[in-house]
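Colleague: return atomic coordinates for the entry below.
(2 chains)
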Amino acid sequence: MKKRAWYWLLLAPFVATLWPPFYNHTDPAFYGIPFFYWYQLLWVILTSLLLAFVLLVTRDRTDV
Amino acid sequence: MSSGTIIFLALVIGVTVLGFVAAGWGRANLSSFEEWALGGRRFGTLVSWFLLGGDLYTAYTFVAVPALIYGAGALGFFAVPYATIAYPVVFIILARFWAVAKRRGYITSADFVRDRYGDRTLEIAIAATGVMAALPYIALQLIGMKTVFSQIGGAFGAGGGFVALAVAFVVLAAYTYTSGLRAPALIAFVKDTLIYVTVIAAIVVIPAALGGWGHVFSSAQTALAARPVPSGILLSPGMYFAYATMAFGSCLSLFIYPHSITSLLAAKSKFVIQRNAALLPAYSILLGFLALLGFCALAAGIVTKDTNAIVPLLFAKYFPDWFAGIANAAIVIGALVPAAIMAIGAANLLASNVFNQFSARRPPGETRIAKLLTLAVCAFALIFVIELPVQYAITLQLLGGAWMLQIFPAFAFGLYTRWFHPKALLLGWIAGMLTGSGMAYNTYLTSTPHKFGAIFPLGLGSLKLVGFIALYALIANLAVAAIATLVLNAANASQGTDGTTAQDYA
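Modeller: Just a heads-up that it's a prediction; the model follows:
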């Protein structure tokens, strides 16, 4: 089952959201929303897309 | 009656009818445990999406997260990374659990632990932890409902909202008893639709009325900085570790709560769970924007002692009466769905793992016991809310979060390895429960006014690391479990029988 190797991709959201110094600033703002907030909201969407991708490449044909 | 009250009443009565009608959904034999407790494990992607969304994002969440932002600023936003990284955990760990559970016929997490480790005491410890964490959580749903009833006033406000609450909860217990998990699954469609409508309307209308997000954030910053304990729209560096550990620790415990397990096991395949892991973050986006309403409340100059009232207050201020009726219905129905699932989840643990013990062949009469226990759990939660101050439920729910994480080694590690000795896991669990409760009690003693907290400053020499208590407790738990395993293995203590085989996890 080499397909499972794709699961390592799912570490990305952990790294991106669990290190606050990375995003704890106001600029650049987006429609007045500070970076801190829109960055983390963006990661919700990215994580969803990442999961959809991993599902696509790891699923078996027989899955329903 | 005002138009808002009429709309509110119509919606709440409508879902009550749905709850009873659900018994006929899929022509099931509801005297079978799997049919009653898990909807026969037949829910597809769409039903599971509404059910899980309706279950995990409770009315209390939608009220408490903005309240936390209103009270503590940026720190309260940890709920968003938490509700993001929880999904890779579901995708990998919970999908694996679903497969074993399907093959071996598990209804609860403790069923698995019993089967895997063959240890009765560990089974009871796991089940008891789940029940202790579920009960105050149900109580909080009731408190959310009561807030709405007393705000609507009139007949609803009678006895401070307790009369309406008692009526609503008796009805909830009755349809859960008859329909099992099918009732909240069907009602979840209404609940989630209402929640999406109200939250989207709030996000469009309220910031615009306040002069745009830029203005909302700058006035929120001014208001937070002027507090006796100042905070702001950004984290102070001393809170980085607390923020990250709260998000990480919570994401590990979210899906081992009994109500999450119940909803997950109702899915018809592993694929349904993985697809939902990718689709459920839609609710997290909603949660994120709702959290920002906490800043809107600050910018709108809303001042209240009861921070949990800020969302209803914002709605009352910016929306016409009829729309406030929809929003109130969303909160009440939003509490009914998870309350029903939590009651079922707790009853399953009691029926399957405390009153009986797990065996692959379910004892006759178990469904009847579980159904009666659901009524008992509901009655207990109602009495709890009527008899005790609100703060008790909040504190116990907070402690419940720290306790819940202590079953992680036995449950989640157990899905991958049988390395840990069952008695060592039990010792680790005890260490984790004591560490978590002890640290929480310490925050109570050292705060003025006395209040239980979720974070604890752990001193390492001169360095103080403020982190999430539940996670510190998990570290103590794992350390004890690992050392005890080495000792017990060296002493040749019996490992217990493992009922599962490698194929069960495939």
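
Colleague: is it fair to say A:W43 lies in a strand?
Modeller: No - assessed with DSSP: H, G, I helix; E, B strand; the rest coil, A:W43 is helix; it does not lie in a strand.

Colleague: what does the helix or strand hosting B:A277 rub up against?
Modeller: Secondary structure assignment for B:A277, by DSSP states H and E: helix B:270-279. With contacts defined as Cβ atoms under 8 Å, 6 or more residues apart in numbering or on different chains, helix B:270-279 is touched by A:48-49, A:51-52, A:55, A:59, A:63-64, B:43-45, B:48-49, B:52, B:87-88, B:90-91, B:94-95, B:98-99, B:102, B:264, B:267. In this view, the C-beta of every residue, glycine as well, is placed from N, C-alpha and C.

Colleague: then stretch A:16-33?
Modeller: Outside stretch A:16-33, the residues within contact range by Cβ under 8 Å, 6+ apart are A:34-36, A:38-40, A:43, A:46, B:74, B:81, B:84-85, B:212-217, B:233-235, B:237, B:240, B:243-244, B:247-248, B:292.

Colleague: give me the neighbour count for residue 57.
Modeller: Here I'm looking at chain A. 10 (other Cβ atoms under 10 Å in any protein chain shown).

Colleague: was after chain B, sorry
Modeller: 24.

Colleague: now do the contacts for the spatially most central residue of chain A.
Modeller: For chain A, the residue nearest the mean C-alpha position is A:T47 (2.9 Å; Cα atoms, centre = their mean). Applying Cβ under 8 Å, 6+ apart to A:T47 gives the contacts A:P13, B:T84, B:I85, B:Y87, B:P88, B:P281.

Colleague: the helix or strand harbouring the fourth one packs against which elements?
Modeller: I take that to be B:Y87. Secondary structure from DSSP H and E places B:Y87 in helix B:79-89. Other helices and strands packing on helix B:79-89, by 3 or more Cβ pairs under 8 Å, 6 or more residues apart in numbering or on different chains; DSSP states H and E, are helix A:12-17, helix A:35-58, helix B:59-72, helix B:240-253, helix B:270-279, helix B:281-299.

Colleague: tell me the helix or strand right after the last one.
Modeller: On the C-terminal side of helix B:281-299, the nearest following helix or strand under DSSP H and E is helix B:310-318.

Colleague: next, the angle helix B:59-72 makes with the helix ranked longest in chain B.
Modeller: Using DSSP state H to define each element, chain B has its longest helix at helix B:120-152. Angle of helix B:120-152 versus helix B:59-72, following axes from the mean of the first three to the mean of the last three Cα atoms, to 10 degrees, is 80 degrees.

Colleague: after helix B:120-152, which helix or strand is next?
Modeller: Downstream of helix B:120-152, the first helix or strand assigned by DSSP H and E is helix B:162-179.

Colleague: what about B:A493, helix or strand, and which?
Modeller: Assigned by DSSP H and E, B:A493 belongs to no helix or strand.

Colleague: how close does it sit to chain A?
Modeller: 34 Å (Cβ to the nearest Cβ, to the nearest Å).

Colleague: quick one: pLDDT of the residue sitting nearest the centre point of chain B?
Modeller: By Cα atoms, centre = their mean, the mean C-alpha position of chain B lies nearest to B:L56, the distance being 5.6 Å. The per-residue pLDDT reported for B:L56 equals 86.

Colleague: got the contact list for it?
Modeller: By Cβ under 8 Å, 6+ apart, B:L56 lies in contact with B:L254, B:S260, B:S263, B:L280, B:Y283, B:P338.

Colleague: grab the nearest non-local neighbour of B:A339.
Modeller: Nearest non-adjacent residue to B:A339, counting by Cβ to Cβ, 6 or more residues apart in numbering or on different chains: B:Q141, 4.2 Å away.

Colleague: show the pLDDT at the one you found.
Modeller: pLDDT, read off for B:Q141, is 87.

Colleague: equivalent analysis for the one 10 residues further on, please.
Modeller: On the pLDDT scale, B:Q151 is placed at 75.

Colleague: state the distance from the nearest residue to it once chain neighbours are set aside to B:L375.
Modeller: Spatial nearest neighbour of B:Q151, chain neighbours left out: B:P312 (5.7 Å); criterion: Cβ to Cβ, 6+ apart. Between B:P312 and B:L375 the computed distance is 30 Å (Cβ to Cβ, to the nearest Å).

Colleague: and the helices and strands packed on helix B:79-89: which comes nearest B:I475?
Modeller: helix B:240-253 (10.1 Å; Cβ to Cβ).

Colleague: quick check: which helices or strands does that closest one pack against?
Modeller: helix B:79-89, helix B:390-404, strand B:455-460, strand B:463-468, helix B:469-490.

Colleague: any idea which of the ones you listed is most buried?
Modeller: With neighbours taken as mean count of other Cβ atoms under 10 Å in any protein chain shown, the helices and strands packed on helix B:240-253 reach their highest mean count in helix B:79-89, at a mean of 25.

Colleague: ok so, going back, could the helices and strands packed on helix B:240-253 be laid out in JSON lines, adding mean pLDDT and distance to B:M132?
Modeller: Listed next are those as JSON lines, based on pLDDT from 0 to 100; distance: least, Cβ to Cβ, whole Å:
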{"stretch": "helix B:79-89", "mean pLDDT": "93", "distance to B:M132": "21"}
{"stretch": "helix B:390-404", "mean pLDDT": "83", "distance to B:M132": "6"}
{"stretch": "strand B:455-460", "mean pLDDT": "81", "distance to B:M132": "20"}
{"stretch": "strand B:463-468", "mean pLDDT": "84", "distance to B:M132": "19"}
{"stretch": "helix B:469-490", "mean pLDDT": "93", "distance to B:M132": "14"}
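
Colleague: mind listing what's buried in stretch B:162-179?
Modeller: Going by neighbour count (16 or more other Cβ atoms under 10 Å in any protein chain shown), the buried part of stretch B:162-179 is B:162, B:164-166, B:168-169, B:171-179.
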